[in-house]
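> Fold the following and give me the result.
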Amino acid sequence: MPIRRFGAHRSLVSSSKTLQLSYGFTKKMNVSRSGYRVFSANSTPASTELAKKITERLGVELGKSVVFQESNSETKVDLKESVRGQDVFIIQTIPRDVNTAIMELLVMTYALKSACARNIIGVIPYFPYSKQCKLRKRGSVVCKLLASMLAKAGASHVITMDLHQKEIQGFFSFPVDNLRASPFLIQYIQEEIPDYRNAVIVAKSPSAAKRAQSFAERLRLGLAVMHGDAHHSESDMTDGRNSPPSTRTTAGHTGLELPLMMAKEKPPINVVGDVGGRIAIVVVRFACNRISGLFMWHQFMFLVLIHMHVKTKTVNLTLELRWDCPFR
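Sure thing, here's the model as predicted:
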């Protein structure tokens, strides 16, 4: 490929499309020579918009494919171009229909594998079923199942953001990049909240204190923890298979006596920490009804939400309580 130089300006000339480099501005490059392709795994507006922004930033074209549902509700993927010997990135956001999005991702991954793609990298900002990463009672670790399905379909790498637990990376048989949203959120707090020095970071539950502590330490702020409520969070639920059982005598061992397990009973919701007269910055991964209690009595509050994959009812409830607050 010949290179012509004109002082500070230089241009790369190829037989097909050209990549113009002029004072830092980049245009579309020859996708056949880039060595990688970017595809969107579904046709939802959110996924398409994200994929377009990524390709515009990279200066490549979005891969041509068709993802649709057959009349019998089966997922079908048609690739409209060759990916032989190339690294392929699949952009997949998770809409409200989580299971359909998973099938779209798996079918497209397998289609790319069948088309002889060299490496298949899944870009999944919110990894579905990540909350089901622990064995509860007689359930199953669904997150491990999904990791195995991706590997079986042909994925060789996954890029995600803020997994529910860091240990989830051990479920995969290939590399996983767990990116963090905290640097961008911390920068936003510093730039958009003028009096953030008078704020306090609030964890919505004791299990979320570690994540909130990271924000508090980087912002040099205090930490408060919400505790209570009758609802048991996932991390506080009791594994029903553990000993001791709820009855004193077990079946089949009439002579064996075990101490009874005392049932959990949480007090009404309260906050451990000093939040009086301060701006409350609540750090959560998902919006939940628990945080609505803080809106009722606190004057100023900011909600730092990492994943916006929540029920509309929850969001509307939170906003309604916020704007009906007499202190606003």
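
> Report the beta-bridge partners for the residue lying closest to His157 once chain neighbours are set aside.
Distance criterion C-beta to C-beta, 6 or more residues apart in numbering; nearest residue to His157, sequence neighbours excluded, is Ile121 at 4.3 Å. For every residue, glycine as well, the C-beta is placed using N, CA and C. Beta-bridge pairing of Ile121, defined through DSSP bridges, involves Phe89, His157.

> Contact partners for Ile121?
87-90, 155-159 (C-beta atoms under 8 Å, 6 or more residues apart in numbering).

> Reformat those into JSON lines and put distance to Ser130 and pLDDT next to each item.
Converted to JSON lines, the contacts of Ile121 look like this (distance: C-beta to C-beta, whole Å; pLDDT from 0 to 100):
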{"residue": "Asp87", "distance to Ser130": "25", "pLDDT": "94"}
{"residue": "Val88", "distance to Ser130": "23", "pLDDT": "94"}
{"residue": "Phe89", "distance to Ser130": "20", "pLDDT": "95"}
{"residue": "Ile90", "distance to Ser130": "18", "pLDDT": "93"}
{"residue": "Ala155", "distance to Ser130": "16", "pLDDT": "93"}
{"residue": "Ser156", "distance to Ser130": "20", "pLDDT": "93"}
{"residue": "His157", "distance to Ser130": "17", "pLDDT": "94"}
{"residue": "Val158", "distance to Ser130": "12", "pLDDT": "93"}
{"residue": "Ile159", "distance to Ser130": "14", "pLDDT": "94"}
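
> what's the closest of those residues to Phe39?
Among the contacts of Ile121, Ile90 lies closest to Phe39 (C-beta to C-beta), at 5.4 Å.

> Can you give the domain ranges for this structure?
Domain ranges of the chain: 9-179, 182-237+267-323, per automatic domain parsing.

> still on that earlier bit, how close does the residue nearest to His157 sit to Leu112?
10 Å (C-beta to C-beta, to the nearest Å).

> list the residues that contact both of the two?
Here Ile121 and Leu112 share the contacting residues 88, 90, scored by C-beta under 8 Å, 6+ apart.

> got the contact list for stretch 145-153?
By C-beta under 8 Å, 6+ apart, the residues outside stretch 145-153 that reach it are 102, 105-107, 109-110, 113, 122, 127-129, 158, 168, 171-174.

> Okay, and which of those map to strands?
The strands, defined by DSSP state E, take in 122, 158 from the contacts of stretch 145-153.

> can you count the residues close to Leu163?
Leu163 is flanked by 20 other residues according to other C-beta atoms under 10 Å.

> check contacts around it.
127, 130, 169, 178.

> Which secondary structure elements does the longest helix along the chain sit against?
In the chain, with assignment by DSSP state H, the single longest helix is helix 98-114. Under the contact criterion of 3 or more C-beta pairs under 8 Å, 6 or more residues apart in numbering; DSSP states H and E, helix 98-114 touches strand 65-69, strand 75-79, strand 87-91, strand 119-124, helix 142-153.

> repeat that with 10 Å
If you count contacts as 3 or more C-beta pairs under 10 Å, 6 or more residues apart in numbering; DSSP states H and E, helix 98-114 packs onto strand 36-40, strand 65-69, strand 75-79, strand 87-91, strand 119-124, helix 142-153.

> Output those in CSV; the columns should cover distance to Ala224.
Putting those into CSV (distance: least, C-beta to C-beta, whole Å) gives the following:
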stretch, distance to Ala224
strand 36-40, 41
strand 65-69, 45
strand 75-79, 45
strand 87-91, 37
strand 119-124, 32
helix 142-153, 30
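
> among the ones you listed, which is nearest Arg218?
strand 119-124 (25.9 Å).

> can you list the weak-confidence ranges in this structure?
Scanning the chain for pLDDT under 70 picks out 1-34, 43, 229-258, 260-264, 266, 286-300, 308-328.
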